[in-house]
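>>> Pasted the sequence and its predicted model underneath.
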Amino acid sequence: MTAWKQLIFDEEIDFSKKLEKVYHYQKENNAVYRRFCDALSYEFDPDNKPPLLPIQAFKDAVVTCKPRQKPDLVFQSSGTSGMERSRHLVADEELYQESLRRGFEQFYDLGNAVIWAYTPGYSENPDSSLLWMLHELIKEDASGSSHFLPLDEPLDKEDIKKVTDQGKQLFLFGAAFGLLDLLEMESPELPGNSIVIETGGMKTHRRELEKEELHRRLAEGFGLHPNRIHSEYGMCELLSQAYATGGQWFQTPPWMEVSVWNPENPLSEMPPFQEGLIGITDLANVHSCSFVLTGDRGVRHKDGRFKVLGRWNPKDLRGCNFLIDED
């Protein structure tokens, strides 16, 4: 295990000490983040959180601490033809694998899991971080029962029975529109201990659904208790994921922290339960940028959980082109 992995995932080390080490490393080695901090005249202060780089930077520049090293992985955000897309250069694939596995195991028993993934629409983006994440989770299942589901086909009752006979727990991952399509194909009900994890994509070809309505439909359609419908929060610019394990409040793994900021003044943090822009500190992003201001709006609970309320109007997000011109 590398020194960075030992530091980031060691729960005996205080989060603030890890954050300080990561901040100084990125300030020294990440030209984009260094210019951003310098423009704000920020010097590290334990009582004053490092500034959050607007997520637009991943579209406008190469955000990395290792510009001379060929990355192990390159993820790109989804988008239509001609659309500007984010690029995340992942310098250490093993660190991402560790973050993914440990993060999932914070909430679920991966050793007893069968992972099914239904991912229509993602084949157009082979550099999708979601596809890579699901592929890695599927590889963890030695039984061979985990797989990507064939598109445009309902769930197979016999395959479901095989999972039950193995004594395994079924996890069905999918974007909102794909899961609804499965229900329209008259898929059979799932075993009562199954968990459906929706990964976003609330805007379908029909209309945009509220989370509560989506979860109600999924629970009813798959024959599950509502607390068996969960959500995953991740993006190509982050190497860690948060999960809402029943209900709307997401929780993070120990090396990830969420804050909410005033969109009119992104240096001003909002108090608990007041809406603003979601900020993420993801220490697993050590070789890119761990301090990211997303384009999502949400609220933070005083205990650290957070709720996602949708996208902020992109025109309200200020880019940072003036900070990221090439040297």
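Yep, it's here. Residues are numbered from 1 along each chain as shown.
>>> rest of the way, CA atoms for contacts and neighbours
Fine.
>>> Skipping adjacent residues, who's closest to the residue sitting nearest the centre point of the chain in space?
Nearest to the mean C-alpha position of the chain, by CA atoms, centre = their mean, lies Gly234 at 1.0 Å. Of all residues not flanking Gly234 in the chain, Gln241 sits nearest, at 4.8 Å (CA to CA, 6 or more residues apart in numbering).
>>> so what's the backbone phi/psi at Tyr118?
Here is the backbone geometry of Tyr118 (degrees, to the nearest 10): phi -120, psi 110.
>>> and it, how many neighbours does it have?
Tyr118: 22 surrounding residues under other CA atoms under 10 Å.
>>> Quick check, pLDDT for it.
At Tyr118, the pLDDT value in this model is 95.
>>> longest helix anywhere in the protein?
helix 15-29 (DSSP state H).
>>> Output the contacting helices and strands for it.
helix 31-39 (3 or more CA pairs under 8 Å, 6 or more residues apart in numbering; DSSP states H and E).
>>> Contacts made by the helix it packs on with the rest, please.
26-28, 43, 51, 53, 61-65, 289, 323-324 (CA atoms under 8 Å, 6 or more residues apart in numbering).
>>> okay, those residues in JSON lines with secondary structure and pLDDT next?
Converted to JSON lines, the contacts of helix 31-39 look like this (DSSP: H, G, I helix; E, B strand; the rest coil; pLDDT from 0 to 100):
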{"residue": "Gln26", "secondary structure": "helix", "pLDDT": "98"}
{"residue": "Lys27", "secondary structure": "helix", "pLDDT": "97"}
{"residue": "Glu28", "secondary structure": "helix", "pLDDT": "97"}
{"residue": "Glu43", "secondary structure": "coil", "pLDDT": "93"}
{"residue": "Pro51", "secondary structure": "coil", "pLDDT": "96"}
{"residue": "Leu53", "secondary structure": "strand", "pLDDT": "97"}
{"residue": "Ala61", "secondary structure": "coil", "pLDDT": "96"}
{"residue": "Val62", "secondary structure": "coil", "pLDDT": "96"}
{"residue": "Val63", "secondary structure": "coil", "pLDDT": "98"}
{"residue": "Thr64", "secondary structure": "coil", "pLDDT": "98"}
{"residue": "Cys65", "secondary structure": "coil", "pLDDT": "97"}
{"residue": "Cys289", "secondary structure": "coil", "pLDDT": "98"}
{"residue": "Leu323", "secondary structure": "helix", "pLDDT": "42"}
{"residue": "Ile324", "secondary structure": "coil", "pLDDT": "40"}
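>>> from the residues you listed, which is closest to Tyr108?
Cys289 (27.4 Å; CA to CA).
>>> Need the buried ones from the contacts of helix 31-39 selected in PyMOL.
To isolate the buried members of these in PyMOL, using 16 or more other CA atoms under 10 Å:
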select buried, resi 26+27+51+53+61+62+63+64+65+289+323+324
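>>> of the contacts of helix 31-39, closest to Asp165?
Using CA to CA, the contacts of helix 31-39 come closest to Asp165 at Cys289, 44.6 Å.
>>> What residues of stretch 111-127 count as buried?
Buried-residue list, stretch 111-127, by 16+ other CA under 10 Å: 112-120, 125, 127.
>>> what two of those residues have the greatest distance between them?
Top of the distance list for those (CA to CA): Asn112 and Asn125, 29.8 Å.
>>> if I pick the residue nearest to the centre of the chain, what's in contact with it?
Counted by CA under 8 Å, 6+ apart, Gly234 has contacts 199, 240-242.
>>> Where does Lys307 fall, secondary structure wise?
Following DSSP states H and E, the helix or strand that holds Lys307 is strand 306-311.
>>> what mean pLDDT would you report for that strand?
Rounded mean pLDDT across strand 306-311 is 92.
>>> who are the neighbours of it, in terms of helices and strands?
Using 3+ CA pairs under 8 Å, 6+ apart: strand 306-311 touches strand 291-300.
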